[in-house]
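Undergrad: sequence below, structure please.
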Amino acid sequence: MMRFIIKATIFLGSLFAQAQIKVPQASPKALFTQTVGLTEVEIEYSRPSVKGRIIYGDLVPFGKIWRAGANANTTINFSDDVIINGGTLKKGKYALYVMPKAEEWEIYFYNDTQNWGTPEKWDETKIALKASSKTEILHKSVETFTIGISNIDFSGANLEFLWEKTSVSLHFEVPTNKIAIASIEKTLNGPTSGDYFAASQYYYNTNTDFNKALLYINKAYEMNEKKPFWYMRLKSQIQAKLGDYKGAVETAKNSLEGAKLANNLDYIKMNEESIKEWTKR
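TA: Numbering: from 1, shown residues only. Down below sits the predicted model:
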């Protein structure tokens, strides 16, 4: 009898170990990475929903630290140092906490990322950076808590919090210019035609230095035996920025000729429109 009980216990234990029930989480996990300029930003958090409740000032009290999500603490990881509200936040991973208020939020980047929700004991010395941002009222309610990155350009973006009818946006700056120029200078010690083109394109797109952009596109064109029409397109745009519209028109005509040979309708259209515009200058 005892042997039967032991065997039955082992069998049932094995059965329960294998039969793990899968059910959806009330606050599903989210993980995403966004490139801003040349900086990678990774955010991991859980997303609670409104479900007919009053959120701010009730479920999430005003004036209290909140985990900015559900379950384990929300985390954010920057691959480079960033600037927030004039302060430098060193690259690395942080827990993200907020203190909601009716008209403004305080946002904390916290060094300890190993907490389930808010820390049992809040330690001011572990705050890497503290920032504040005004709240905005949304016309349409957001059912599920959302953290996003928006208004992205080469120099920065906005970290956004959206839930119920409240939106909070915190701008951060990334060191794209510093990284890109360092990369350009390093690469151009032994550059290819493509390197010069990329360097020229960067200086042009960021309005950093049109004279350098022209210098590099000329070198790119000289080194490339195929004489790409898109190189000439970029050169014509740079010349126009420098006020050399006559030169820009001549260069655009060369680009147009190459685009027609390649049957590239986009470049044909862009060059024709530019020639028409610059001829009037």
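
Undergrad: only C-alpha atoms from now on, for both contacts and neighbour counts.
TA: Fine.

Undergrad: where along this structure do the helices fall?
TA: 2-18, 176-187, 193-205, 210-223, 229-241, 245-261, 265-279 (DSSP state H).

Undergrad: tell me which other helices or strands the third one touches.
TA: If you count contacts as 3 or more CA pairs under 8 Å, 6 or more residues apart in numbering; DSSP states H and E, helix 193-205 packs onto helix 176-187, helix 210-223, helix 229-241.

Undergrad: gap between the last one and the chain center?
TA: In terms of CA atoms, centre = their mean, to the nearest Å, the centre of helix 229-241 is found 29 Å from the chain centre.

Undergrad: follow-up on the earlier one: what's the closest of the helices and strands packed on helix 193-205 to G52?
TA: helix 176-187 (42.8 Å; CA to CA).

Undergrad: contact partners of stretch 215-230?
TA: For stretch 215-230, contacts defined as CA atoms under 8 Å, 6 or more residues apart in numbering pick out 192-197, 199-200, 231-232, 234-235, 254-259, 267.

Undergrad: list the buried residues for it?
TA: Y216, I217, N218, K219, A220, Y221, F229, W230 (16 or more other CA atoms under 10 Å).

Undergrad: how close does the first one sit to A199?
TA: Applying CA to CA, to the nearest Å, the value for Y216 to A199 is 7 Å.

Undergrad: okay, now the unreliable bits of the stretch 1-150 of the chain?
TA: For the stretch 1-150 of the chain, the stretches with pLDDT under 70 are 1-19.

Undergrad: mind giving me JSON lines with the buried residues of stretch 215-230 and columns for distance to A131?
TA: Below are the buried residues of stretch 215-230 laid out as JSON lines (distance: CA to CA, whole Å):
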{"residue": "Y216", "distance to A131": "41"}
{"residue": "I217", "distance to A131": "42"}
{"residue": "N218", "distance to A131": "45"}
{"residue": "K219", "distance to A131": "45"}
{"residue": "A220", "distance to A131": "44"}
{"residue": "Y221", "distance to A131": "47"}
{"residue": "F229", "distance to A131": "48"}
{"residue": "W230", "distance to A131": "44"}
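
Undergrad: now the two most distant members of those residues.
TA: Once CA to CA is applied, the buried residues of stretch 215-230 give Y216 and F229 as the farthest pair, at 15.6 Å.
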